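1. predicted structure and sequence below. I'll ask about it afterward.
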Amino acid sequence: MINLLPPQYKKELRQGEKWRTILNLEIFLFTFLIALSLILLSVKINVGGLSRSQQILTESERKVIKLETERAQKLGFQNLDERVEAINLNLSKINSFYQKNPNLTQIFQDLGKILPPNSYLTNFSYQKDGFQITLSGFCPDRESLFQLKRNFESQENFKDIHFPSSNWLSPNNFYLSFKINESL
């Protein structure tokens, strides 16, 4: 399209376009600032509410602690001593229970070190009475089976190792039973 307007009118039209562009940018900037201030205001209100709720929770916890302290003082320290003795008794019972039972985690770690390469267990049985363990598994050859027997015999944590002679007839599958030292 050919513009046949005189140069002065063309100049005024361009200047009008610039003013409209500036006006649009100012409106956009003003709208952006209003939106930003509203967002910041909502964040301030939210943070203030969270702060107030935390303050209320803190005050309620202080009141609970104060009431518990007052109640403990009213009941006297005798009741507190009885509670401490009961807790100590329970802890000693738990401690004696753990001392009477062997550490099976340590036993599994020892078994992992004892087994020769390419050998694995197919059955594990633990009898609490007498601390007896029965194993069965697979060894690829007689040399691995002999190595397994030597490894078990060299362990200090295991005693009364029963390695039946039937293992030598069928070297791929083995059967083994032993007892755990009670100090473990």
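-> Sure thing, it's come through.

2. after the one helix or strand in the chain whose mean pLDDT sits lowest, next one along is what?
-> Averaged element by element with mean pLDDT, DSSP states H and E, the chain has its least confident helix or strand at helix 77-100 (a mean of 75). Moving toward the C-terminus from helix 77-100, the next helix or strand (DSSP states H and E) is helix 104-114.

3. the helix or strand that that next one is followed by vs helix 104-114, what angle?
-> Remark: after helix 104-114, the chain's next helix or strand is strand 120-127, criterion DSSP H and E. Here strand 120-127 runs at an angle of 150 degrees relative to helix 104-114 (axes from the mean of the first three to the mean of the last three CA atoms, to 10 degrees).

4. ok, residue 11 - contacts?
-> By CB atoms under 8 Å, 6 or more residues apart in numbering, residue 11 lies in contact with nothing. From N, CA and C alone the C-beta is placed, and that goes for glycine too.

5. where does it land in three-state SS?
-> Under DSSP: H, G, I helix; E, B strand; the rest coil, residue 11 falls in the helix class.

6. do the same with residue 175
-> Using three-state DSSP, the three-state assignment for residue 175 comes out as strand.

7. contacts only, for it.
-> 134, 135, 136, 164, 166, 167.

8. ChimeraX command to pick out the buried ones of the residues you listed?
-> The ChimeraX selection below is limited to those of those classed as buried (16 or more other CB atoms under 10 Å):
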select :135,167
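
9. between the contacts of residue 175, which sits nearest residue 21?
-> residue 135 (87.2 Å; CB to CB).

10. give me the nearest residue to that closest one, chain neighbours excluded.
-> With CB to CB, 6 or more residues apart in numbering as the measure, residue 176 is the residue that lies nearest to residue 135, at 4.7 Å, once sequence neighbours are left out.

11. ok, now residue 111?
-> Residue 111's closest residue in space is residue 121 (CB to CB, 6+ apart), at 7.2 Å.

12. with residue 107 instead?
-> residue 180 is the one closest to residue 107 (CB to CB, 6+ apart), at 6.6 Å.

13. hmm, the one you found is touching residue 160, no?
-> No: if you go by CB atoms under 8 Å, residue 180 and residue 160 don't touch, sitting 9.6 Å apart.

14. more neighbours: which of those two?
-> residue 180 (21 against 11; other CB atoms under 10 Å).

15. show me what that one is bridged to.
-> Going by DSSP bridges, residue 180 is paired in beta bridges with residue 158.

16. in stretch 36-46, what's buried?
-> Buried residues in stretch 36-46, counted by 16+ other CB under 10 Å: none are found.

17. other residues contacting it?
-> Counting by CB under 8 Å, 6+ apart, no residue sits against stretch 36-46.

18. average model confidence for that stretch?
-> For stretch 36-46, mean pLDDT is 93.
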